[in-house]
Structure formats: structure tokens, C-alpha cells
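Asker: here's a sequence, model it:
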Amino acid sequence: MAEKERILFLYLPTGGGHIAAARALQREITSSYSPDEVELFLLDGLNPNSRVQRALVEQGYQFSTFTVPILWPLIYQMSLIPWVMHVHTFAMVLYSTGHIRRFIREHKITKVVNLHFLLTRPLYRALSQLKKRGMPSLTIVLDPFSCHPMWFFYQFMNMIVFSTRAWKEAKIDLFFYRKRGILTNLKKPKVMRYPPILNSRFNRAMDPGDIPAVKEHLGFTPHEPLVLIAGGGEGLPQGEEVLQELLQARLPVQIAMVCGKNAHQKQRAEEIAGAYPDARIRIFGFIDFMYELMNSADLVITKAGPATIFECLLLCKPVLLSQRLYGQEQGNVSFVVRNGFGWFLPEPRDLVDQVRRIIDNPEILEEATRRIRNRKLRNGTPEIARYIMESMK
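Answerer: Numbers count the residues shown, from 1 in each chain. Take a look at the predicted model:
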């Protein structure tokens, strides 16, 4: 009998996408392989004993991308400078190496899957200290199109990317860093392309005949258009402004808004909705029925995060993108707009004008839906899980 695999998924709590990918792979492997074959572990790479590291990485990311987003372009541009990358990754080595090393040793880990570029260098140091540098290890680049160069900085593992553009960026950056003398003593990583990692629930859209009953169960009129406003675990940045503009337009639509864990946004959205007692609107906090809401929606207003975009596209739902993170999400916007899968309109008034055009001209939505369906996008989670279990050596 083959030895039981003990697989570690390393992530950071900078946004919800990293742990969501880890959990999607965890569910897929757990459903496809028996407990006798594999045991899975998820580990936050931040040192639990360091308040400083957590404040800088987790809370700093939240502050600069959501609370004061004007800071993010400056931070992102500075992070592209090689000496700044050295400082960032070396600081992570100081704080996280011991934490990762202890976990690998205590849990007898046999494979590691890395889901954040800031953990590559501390993982390399931890494996070196354990004299386990040959342990099967893999980095999955979660930015589908615009990849931060730090994904490839001090990279010693084979890699999975989600697009031809990311594959080309990986090849160029790996060559550049080898030319600068970084990890030249190691074998050059292999770069592989797979579809993105998504929750398996989105593999298949609901039967259209079931949607009226689902809409009614969720509190909506079955046969009237539904616009969904959502943006991940913290809600849609500036979602209140979008909601206000949409309600002021008094369009013949129903509205669902998901604020996630953002209690302040939920309270503000409820106050705005209260000024329009005749509007057909429901405000939600953190929910576990996003699949049902997305299937029920005719149009989704969201930000340019990869998970939400691809979940919508798997369900053949065109997207209206109202926000993007500078740098890392620009490629996502280009993918949607260039292929005719949706629109990018950062001004709430322009966004609502587009909703009005779509309501008045249903063929606009039908054409975008046709383009999405013809692309035949798929979820890469089953293939990647199979690679981790059967081919990752």
C-alpha cells in the first residue's frame, strides 16, 4: 500500500482568494480520495506570535486596498523594485520561517502547495533547514493575467498559472532573476497552464426552469430582472454609491446587495434602501447562498477579483466591473472587456447608465451571454487536484 500523503496548503489572509483556492482544492481532494490516501492541512503563513507581521501584512493590505485605496498604486509600484522585493521577502523569512518549519516537522508533511508569493522564500528556507529541499512542492499563481513579479522571485518550485499571458510572464521573469544570480544552483522551475481554481458548485449553472422558484425563495419576484451587487467577503468597495445611484435611477429592476463581513457597509446600505420604500431590494451580510443568488441574477455588478469574475462567467453571467486593484487586476479587466464578457465602468453614474441600456435593449445582454457560452470556460480545480495527488513528485 502506498504511503499516505500529508499535504500542506500555505496561504496568507490578504483578501479571500488565497484561502478560497486552498479550500476548493481541499474539498476536491477530500471528495475524490479516501482518508487512507491523504490528509490535508491549511496553514496561514503569518506567525501567530507576531502582531507586527499581522498588522503589516493582513491589516496593511486591507487598509491600503479597501479603506484608503488611493495608497495602493504607490505601494504596488514600489513593490516592483528588486531591492524592495528583497526587503519584503527577507522580512517574511525572519517572521515566518520558524512557524512553517515547525508545522512541516510536527505534521510530517510530504507535499507543499504554496498559494502566496510572499511565502516562497520562507518556505525555501524552512525546507533547507529541515534538509527537505527535495520535498515535492508547487506554487499556484492565483493572479490569472497580471502577475506580480514576486511570484517568480526566489522561485524554486514548479508552478501552475492560469493563462498564456501568465505563462509568458513567468518564463521572462524566471529567466531575468536567474540572470541576476538568484537560485542559479537549482533546477529551473517548470511552468504549467491550467484553468483557474474555483468552487466546484459553479461547475454547472442551475436549470433555467428552477430559477423562478429560487428567486421567490430568496424574496424576489420570479419573472422580473434582478441586479446583484457583490464584491467578495468585504463587500464591493464604494458599493453604497452604486446602490444609491441605481435606486435614484428608479429602473424596473430588483436589487440584491451582498456586503459580506462589512457590517458598516450593510448598515449604510440599509439606510439608503430605507429612503426608497417602494424599491424591490434586499441587503445581505455574509451568506452561504452566493451560487443561488448568482444564478438568479440577470446582471452582476462586482469588482475585478478573479474568483468572482470566473464564477460569474462559468454561470454565463455578464459582469459590470466597478472596481479594480491597480496592477494585479488590470489583466482581469482587459480579459472581460476585450472578449465582450462585460464592461468596466468605475463611475457609478456611468455604470447605472449601462444597466439602463441593457434593460432597454435585451440583445446587449444576450450577445454578451452568447460570447461567454462560446468561450467554453471551465473550472481547473479537478485537474489541479489530480496533478497534486498523482503527478506532483
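Asker: which residues in the stretch 51-200 of the chain form strands?
Answerer: Using DSSP state E, counting those that start in this stretch, the strands of the stretch 51-200 of the chain run over 111-114, 137-140, 158-161, 191-193.
Asker: which other residues reach the helix or strand hosting Q265?
Answerer: Q265 belongs to helix 263-274 when assigned by DSSP states H and E. Outside helix 263-274, the residues that touch it by C-beta atoms under 8 Å, 6 or more residues apart in numbering are 235, 239-240, 243-244, 247, 257, 259, 279, 281, 283-285. (C-beta placed from N, C-alpha, C; glycine too.)
Asker: how distant is the biggest helix by length in the chain from the center of its chain?
Answerer: Assignment by DSSP state H gives helix 82-106 as the longest helix of the chain. Relative to its chain's centre, helix 82-106 lies at 23 Å (C-alpha atoms, centre = their mean, to the nearest Å).
Asker: circling back: among the contacts of helix 263-274, which are in strands?
Answerer: Among the contacts of helix 263-274, the ones falling in strands (DSSP state E) are M257, I281, I283, F284.
Asker: tell me the one among the residues you listed nearest to F63.
Answerer: F63 lies nearest to M257 out of these, by C-beta to C-beta, at 23.3 Å.
Asker: confidence score at G17?
Answerer: Note for G17: predicted pLDDT of 86.
Asker: that should have said Y61, apologies.
Answerer: At Y61, the pLDDT value in this model is 87.
Asker: can I get the strands of the stretch 51-200 of the chain in CSV with mean pLDDT and mean neighbour count?
Answerer: Shown next, in CSV, are the strands of the stretch 51-200 of the chain (pLDDT from 0 to 100; neighbours: other C-beta atoms under 10 Å):
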stretch, mean pLDDT, mean neighbour count
strand 111-114, 98, 24
strand 137-140, 97, 24
strand 158-161, 96, 23
strand 191-193, 95, 17
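Asker: wait, which of those is closest to P48?
Answerer: For these, the distance to P48 is smallest for strand 111-114, at 18.6 Å, taking C-beta to C-beta.
Asker: what about stretch 128-140, distance to the chain center?
Answerer: Chain-centre distance of stretch 128-140: 25 Å, with C-alpha atoms, centre = their mean.
Asker: including distance to L365, could the strands of the stretch 51-200 of the chain go into TSV?
Answerer: Formatted as TSV, the strands of the stretch 51-200 of the chain follow (distance: least, C-beta to C-beta, whole Å):
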stretch	distance to L365
strand 111-114	38
strand 137-140	33
strand 158-161	31
strand 191-193	31
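Asker: what's the closest of these to R23?
Answerer: strand 111-114 (12.3 Å).
Asker: quickly run through the sheet partners of that closest one, with directions.
Answerer: If you go by DSSP bridges, strand 111-114 pairs up with strand 5-11 (parallel), strand 137-140 (parallel).
Asker: still on that earlier bit, what's the closest of the strands of the stretch 51-200 of the chain to A213?
Answerer: strand 137-140 (37.5 Å).
Asker: domain-wise, how is this structure divided?
Answerer: According to automatic domain parsing, the chain comprises the domains 5-195+380-391, 201-375.
Asker: how far does the shortest one stretch from start to finish?
Answerer: Looking back up the chat, that one is domain 201-375. Start-to-end span of domain 201-375 (C-alpha to C-alpha, to the nearest Å) is 19 Å.
Asker: same check, this time on the longest one
Answerer: For domain 5-195+380-391, the first and last residues are 13 Å from each other (C-alpha to C-alpha).
Asker: just the C-alpha atoms of the lowest-mean-pLDDT helix or strand in the chain, please, in CSV.
Answerer: The weakest-scoring helix or strand in the chain, judged by mean pLDDT, DSSP states H and E, is helix 164-179 (a mean of 83). Extracted C-alpha coordinates of helix 164-179, given in CSV (Å, rounded to 0.1, in the frame of the first residue of the first chain):
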residue,chain,number,x,y,z
THR,A,164,-0.9,32.1,-21.7
ARG,A,165,-0.1,35.7,-20.7
ALA,A,166,0.9,34.5,-17.2
TRP,A,167,2.9,31.6,-18.7
LYS,A,168,4.9,34.1,-20.8
GLU,A,169,5.4,36.4,-17.8
ALA,A,170,6.7,33.5,-15.7
LYS,A,171,9.2,32.5,-18.4
ILE,A,172,10.5,36.0,-18.8
ASP,A,173,10.8,36.8,-15.1
LEU,A,174,12.3,33.4,-14.2
PHE,A,175,15.0,34.0,-16.8
PHE,A,176,15.6,37.5,-15.6
TYR,A,177,16.1,36.5,-11.9
ARG,A,178,18.4,33.6,-12.9
LYS,A,179,20.5,36.1,-14.9
